[in-house]
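Chemist: Output the structure for:
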Amino acid sequence: MKPKQTAATKAGLNLGPVTSAALAEIGVYSQADLQALGWEEVLVMLVEQDPRWANLNLAYGLIGALEGVDWRKIDPVAKAQAQKLVRSLKKQKRRDY
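Modeler: I've put the predicted structure just below:
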């Protein structure tokens with residue numbers, strides 16, 4: 001059975017159906033929504049919803065969706081920023097438990 005497409009997948013964000021559904025839950029339906037908030041804020045919002053979202057794959061995917069490129073082709077500076085933020089979110093998650 002094919003997963004249901006969400007607004008984010010239909011908008012061409014190149015993110016999977018589970019991620020797209022989570023984005024919809026926080027009000028991100030398009031690249032314009034993602035751009036308005038910024039990938040960092042969107043990642044923080046998702047982690048606040050579910051700490052398991054604190055991962056580099058998601059961060060790279062959000063950056064790629066924002067820049068309109070494959071996640072493997074994002075700028076090394078952006079990758080370093082993502083690594084720093086994800087580390088910080090994971091530390092915060094550990095302190096909360």
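Chemist: Now do the contacts for L13.
Modeler: By Cβ atoms under 8 Å, 6 or more residues apart in numbering, the contact set of L13 is 20, 23, 30-31, 34, 65. Placement of C-beta: from N, CA and C, glycine included.
Chemist: contacting residues for A22?
Modeler: Neighbour list for A22: 46, 49-50, 53 [criterion: Cβ under 8 Å, 6+ apart].
Chemist: From these, list just the buried residues.
Modeler: 46, 53 (16 or more other Cβ atoms under 10 Å).
Chemist: now, which of the contacts of A22 lie within strands?
Modeler: Using DSSP state E, no member of those falls in strands.
Chemist: can I get the contacts of A22 in CSV with distance to K93?
Modeler: Formatted as CSV, the contacts of A22 follow (distance: Cβ to Cβ, whole Å):
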residue, distance to K93
L46, 12
Q49, 12
D50, 10
W53, 10
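Chemist: How about the host helix or strand of K91, which residues are buried there?
Modeler: Using DSSP states H and E, K91 sits in helix 76-96. Residues of helix 76-96 classed as buried: 78-79, 81-82, 85-86, 89 (neighbour count, 16+ other Cβ under 10 Å).
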